[in-house]
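# give me a model of this one.
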Amino acid sequence: MNILIAIGHPAQVHNFRIVSDQLKRKGHEVFWLASKKDISDYLLKAYNIDYTELKRPHGGVVSKVSTLIKNVWITIRVIRRNNIDIVVSRVNPGVVLASFLLRKKQIGLSDTEVAGFYDLAFSKFLNSFITSTSFEKTLRKDQIRINANIELFYLHPNYFKGNKDEVFRLLNIPEKEPFVIVRYVSNNAYHDLGTKFISNDKKIEFVKQVSKYARVFISSEEKLPVSLQKYEIKFPYEKVHEVMKEAMLFYGESATMASECAIMGVPAIYVNAQSRGYTNDEQRYGLLYYYKTDEKSQLLSINKAIELLNKGNLKEEMRLRQRDFMKSKIDPVAFLVWFIENYPESKRIMKENPD
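Just a heads-up that it's a prediction; the model follows:
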């Protein structure tokens, strides 16, 4: 088959790159559509993925409508030129509408409940809509649920092993030195608009307290206070998961990175006004700790970080919790490859006999 994968965010490169590789090994042709958001272009090039560019709006209703129309046209041309059989995306509006207009089979995935408007509006045009069992909304009667987080598409032990030696070389620290990964985000994403984030004084307080127990490395979309800029992390973006796997702790506002660490057995402290179904699921297994962004909660999150770093058996405890978590999950790459190759029979099976 000729399969089109469409992405709109850097994390979605990871979401689909192993699926793409597996499909190509089975003899299928895979084509990519991608917008140049943040480091998407860097990651696609790092993984040797050729793609056709989707446009991005510059803000405002007029720009959004104009960009939507352009992306519909770009997608139509790619589908026709490459005789695409099936389209896979994370509910990308322009791609979804173009595929619907051309009556192409299309599969959409989602894991973010707070992206409600886009998913609710555009999932209706999909042939199949797939979410995790932890997804806390039902947007379609025929919604397909699987026992797997999106992050398991690239961090499942079947595909991700890590590289401990390279990590400490990249960070330029001794191998046994404990370190913490911190991530601060901007509020540019649609689902983050109006959200309160960690205050600068609490960011400074966190580093002051945690530096007593571990080296701190910060990744931030927003400009850091001057006193924290020396902690900003610099290494190849495609190595981020190897680095996170060796951390003692994750702390930050990114649900994706918190989830990535949690499923690798690294305790994650997620501080955000909005939780996610998958972070709630990981919290039930004791892999993640969720705090809101009011003053009291921010202080509690710092105290929790210090408490965890002072636990002598932290790594072993997390390893056991991770093992229990993984026992309840499937390999989503194997699932999606099967689902695509056997579509639409696979949809019937998932509705009649999902076990």
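
# quick one: the helices in the stretch 151-300 of the chain, in order.
Assigned by DSSP state H, counting those that start in this stretch, the stretch 151-300 of the chain shows helices spanning 152-155, 164-171, 200-210, 240-245, 255-263, 277-284, 295-309.

# figure out which of these is closest to Thr138.
When these are compared by Cβ to Cβ, helix 277-284 sits nearest Thr138, at 11.5 Å. (C-beta placed from N, C-alpha, C; glycine too.)

# quick check: longest helix of this structure.
Here the longest helix in the chain is taken by residue count, with DSSP state H as the criterion, and it is helix 61-81.

# note down every partner strand of the following helix or strand past that helix and its orientation.
Using DSSP states H and E, the next helix or strand after helix 61-81 towards the C-terminus is strand 86-89. Paired neighbours of strand 86-89 in the sheet (DSSP bridges): strand 2-7 (parallel), strand 105-109 (parallel).

# for strand 86-89, give the mean pLDDT please.
The average pLDDT for strand 86-89 rounds to 97.

# could you count how many residues lie near Glu238?
When counting by other Cβ atoms under 10 Å, one arrives at 15 neighbours for Glu238.

# for it, what are its contacts?
By Cβ atoms under 8 Å, 6 or more residues apart in numbering, the residues touching Glu238 are 43, 46-47.

# which of the residues you listed tops the neighbour count?
Leu43 (22 neighbours).

# how close does that residue get to Asn280?
Per Cβ to Cβ, to the nearest Å, Leu43 is found 28 Å from Asn280.

# ok, now Val95?
Taking Cβ to Cβ as the measure, Val95 and Asn280 are separated by 29 Å.

# likewise for Val61?
33 Å.

# neighbour count: these two, which is higher?
Per other Cβ under 10 Å, whichever of Val61 and Asn280 has more neighbours is Asn280, with 13 against 8.

# give me the pLDDT for the more buried one.
At Asn280, the predicted lDDT confidence score is 97.

# so it sits against Glu136, correct?
Yes. Shown here, Asn280 and Glu136 form a contact pair, counting by Cβ atoms under 8 Å, at 7.5 Å.

# adding mean pLDDT, write the strands paired with strand 86-89 out as CSV.
Converted to CSV, these look like this (pLDDT from 0 to 100):
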stretch, mean pLDDT
strand 2-7, 97
strand 105-109, 97
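
# residues contacting Gly277?
111, 113, 132, 134-136 are the contacts of Gly277 under Cβ under 8 Å, 6+ apart.

# if we can go back for a sec, from the contact counts, what lies against the longest helix of the chain?
For helix 61-81, the elements it packs on are strand 2-7, strand 29-35, strand 52-54, helix 93-101, judged by 3 or more Cβ pairs under 8 Å, 6 or more residues apart in numbering; DSSP states H and E.

# buried sites along the last one?
Using 16 or more other Cβ atoms under 10 Å as the test for burial, helix 93-101 gives 93-100.

# same question, the first one
In terms of neighbour count (16+ other Cβ under 10 Å), strand 2-7 has its buried residues at 3-7.

# ok, now stretch 209-224?
By 16+ other Cβ under 10 Å, the buried positions in stretch 209-224 come out as 210, 213-220, 224.

# for that stretch, how far is the first residue from the last?
According to Cα to Cα, to the nearest Å, stretch 209-224 extends 17 Å from its N-terminal end residue to its C-terminal end residue.

# residue contacts, Val30?
Neighbouring residues of Val30 by Cβ under 8 Å, 6+ apart: 3-5, 20, 23-24.

# could you check the pLDDT of the residue nearest to Met318 when sequence neighbours are not counted?
Sequence neighbours aside, Gly265 is the residue nearest to Met318 in space, at 4.6 Å (criterion: Cβ to Cβ, 6 or more residues apart in numbering). With respect to pLDDT, Gly265 has a value of 97.

# equivalent analysis for Lys234, please.
Confidence at Lys234, expressed as pLDDT, is 82.

# tally of neighbours for it?
Number of residues near Lys234 (other Cβ under 10 Å) recorded here: 8.

# which stretches of the protein have low pLDDT?
Counting by pLDDT under 70, the chain shows low-confidence ranges at 115-116, 187-195.

# minimum distance to Tyr237: which of the strands paired with strand 86-89 has it?
Closest to Tyr237 of these is strand 2-7 (Cβ to Cβ; 15.1 Å).

# which other residues reach the closest one?
Applying Cβ under 8 Å, 6+ apart, the external contacts of strand 2-7 come out as 13, 15-16, 19-20, 23, 28-35, 40, 54, 75, 78-79, 82-90, 92, 95, 340.

# go with 7 Å
Counting by Cβ atoms under 7 Å, 6 or more residues apart in numbering, the neighbours of strand 2-7 from elsewhere in the structure are 13, 16, 20, 23, 28-34, 78-79, 82-90, 92, 95, 340.

# in space, what's closest to Lys311 - neighbours in sequence excluded?
For Lys311, the spatially nearest residue (Cβ to Cβ, 6+ apart) is Glu317, at 7.1 Å.

# same check on Leu23?
Val30 (5.4 Å).

# is that neighbour in a bridge, and if so with what?
In this structure, Val30 has the following beta-bridge partners (DSSP bridges): Ile3.
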